[in-house]
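Asker: predicted model and sequence below, questions to follow.
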Amino acid sequence: MAKATTLTRIGSNVRVQLEQVRDRIPKDLLNKLKNNPRGKVVDYKMTDGTDIGLVLELSDGTTSWFFTEEIGRG
């Protein structure tokens, strides 16, 4: 049976948990997040057929996606 997931609403302000993403993202994105780890949810992304990621708009206007467990409340 599939697990139930509660999605963060589009438009929500969230914070990327740096300790969760440190090993998987490019260095330039990590440095950007160290300066400001907050973003706004702008979309969802199907990750591997069993999970849904969140697409965030970061403070500089760029977008990047993250797994839901890598995100905390604003």
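Answerer: Noted; the coordinates are in hand.

Asker: and Lys32, which of the three is it?
Answerer: In the three-state summary, Lys32 is assigned as helix, counting by DSSP: H, G, I helix; E, B strand; the rest coil.

Asker: what sits against it?
Answerer: Applying CB atoms under 8 Å, 6 or more residues apart in numbering, one finds that Lys32 lies in contact with 58, 60, 62. The way it works is simple: take the backbone N, C-alpha and C, and place the C-beta from them, glycine included.

Asker: now those in JSON lines, with neighbour count?
Answerer: Formatted as JSON lines, the contacts of Lys32 follow (neighbours: other CB atoms under 10 Å):
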{"residue": "Leu58", "neighbour count": "18"}
{"residue": "Asp60", "neighbour count": "8"}
{"residue": "Thr62", "neighbour count": "11"}
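
Asker: which helix or strand contains the residue nearest the centre of the chain?
Answerer: Nearest to the mean C-alpha position of the chain, counting by CA atoms, centre = their mean, stands Phe66 at 3.3 Å. Under DSSP states H and E, the secondary-structure element containing Phe66 is strand 63-67.
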